[in-house]
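>>> sequence isn't available, so here's the structure alone:
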Ligand SMILES: [Zn+2]
């Protein structure tokens, strides 16, 4: 078989099985919670010789997300970029704004606006985001999440909050994510999940 033939055969074999399975052997350190989409992006350039390169590409820096990142701390930015990458359905987030509590003004919180929040699909999307955030809690410096009127600390028992009277105030429209922050960017940071 020609070299080209071998490569095509390899590619066909690779594409015939789930990408996550095909790449599992070259990702021994694949972080828990990082789902296959990012590996899929690397697969387009993959050949056997390129496996290390694909592995590096899978860990490539995350581009800026959908939130205005101005004033956010580094772990908040990481969460924001990772969620933007992982959930393309999310097109709107807010970060720094005046508030009576410290998190938003200090760049420690983001609000992930959930499209169609009042439908089962919207609630399911919010649940998946909460799940993703908890699986990456250490990386995001997670302090707590509020979603569906429920306060969920990074460690400890969730509790139902008092009714604040509106879908926004009760966190039905958005997932609020609070981080310990990790400090403000100094410039030149790269954000990646591994
Ligand atoms: Zn918030």
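Ah, there it is. Predicted model, so just to flag it, every value in this text is computed and none were measured.

>>> so the residue of the chain found nearest the ion: helix, strand or coil?
Ranking the residues of the chain by distance to the ion (C-beta to the ion) places residue 176 first, at 3.6 Å. In short, each C-beta sits where N, CA and C put it, glycine included. State at residue 176, reduced to three classes by DSSP: H, G, I helix; E, B strand; the rest coil: strand.

>>> just residue 128 next, same as before
At residue 128 the chain is in helix, as set by three-state DSSP.

>>> grab the nearest non-local neighbour of it.
The shortest distance from residue 128 to any non-neighbouring residue, by C-beta to C-beta, 6 or more residues apart in numbering, is to residue 87 (7.4 Å).

>>> what sits against the one you found?
Residue 87 sits next to 125, 128-129, 132 when contact means C-beta atoms under 8 Å, 6 or more residues apart in numbering.

>>> now list the buried members of those residues.
125, 129, 132 (16 or more other C-beta atoms under 10 Å).

>>> pretty sure the last one sits in a helix.
What that stands for is residue 132. Yes. Counting by three-state DSSP, residue 132 falls inside a helix.

>>> that one is in contact with residue 85, isn't it?
No. Using C-beta atoms under 8 Å, residue 132 is not in contact with residue 85, being 10.6 Å away.
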